[in-house]
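Asker: Would you be able to build a 3D model of this:
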Amino acid sequence: FKYRKEAVSINNGGFIAKKSTWVNREKPFLLAVEDPQEDGRDIGCSSHSILKVRDWFRRCYDILLQASNAAEKGQRKKGKKSKPSGAHEGLELLG
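Answerer: Numbering: from 1, shown residues only. Predicted coordinates:
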């Protein structure tokens, strides 16, 4: 999601526009998370390692995507019908 413009919404179950008081001008990439118990409070303001977390999620996504693509190609070579993208039920990607 757009870290610079959006915040995680616990109450609404999704994302909301980041409030101006939640924007750190020196570190606009910090994760903002609304406090479900105190309106207007950002409980994500201390998420200073978000860049590392985001990089790890990106790496994991790339690994899973490569494994999924390789498995799909293997299925096609065996003459099996390919499942629609994202429908890899029972496929072990980490094994």
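
Asker: burial of Val53, as a residue count?
Answerer: Residues near Val53, counting by other CB atoms under 10 Å, number 11. Backbone N, C-alpha and C define where each C-beta goes, glycine included.

Asker: What residues of whichever helix or strand it is part of count as buried?
Answerer: Using DSSP states H and E, the element containing Val53 is helix 50-77. Judged by neighbour count (16 or more other CB atoms under 10 Å), helix 50-77 contains these buried residues: 67, 72.

Asker: Can you get me the centre-to-centre distance for that helix and its chain?
Answerer: 13 Å (CA atoms, centre = their mean, to the nearest Å).

Asker: I'd like to know which elements that helix is packed against.
Answerer: Helices and strands touching helix 50-77, by 3 or more CB pairs under 8 Å, 6 or more residues apart in numbering; DSSP states H and E: there are none.

Asker: per-residue confidence averaged over that helix?
Answerer: Throughout helix 50-77, pLDDT has a mean value of 86.

Asker: For Val33, see how far away Ile43 is.
Answerer: Distance of Ile43 to Val33, given as CB to CB, to the nearest Å: 5 Å.

Asker: Work out the gap between stretch 11-21 and the centre of the chain.
Answerer: 16 Å.

Asker: Could you write out the alpha-carbon coordinates of it in CSV?
Answerer: Extracted as CSV, the C-alpha positions of stretch 11-21 are listed here (Å, rounded to 0.1, in the frame of the first residue of the first chain):
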residue,chain,number,x,y,z
ASN,A,11,-11.3,0.0,13.0
ASN,A,12,-12.3,0.0,9.4
GLY,A,13,-10.2,-3.0,8.4
GLY,A,14,-8.2,-1.6,5.6
PHE,A,15,-6.5,1.8,4.9
ILE,A,16,-7.4,5.4,5.6
ALA,A,17,-5.7,8.6,4.5
LYS,A,18,-2.8,9.4,6.7
LYS,A,19,-3.6,12.3,9.0
SER,A,20,-1.3,15.3,8.7
THR,A,21,-0.2,15.0,12.3
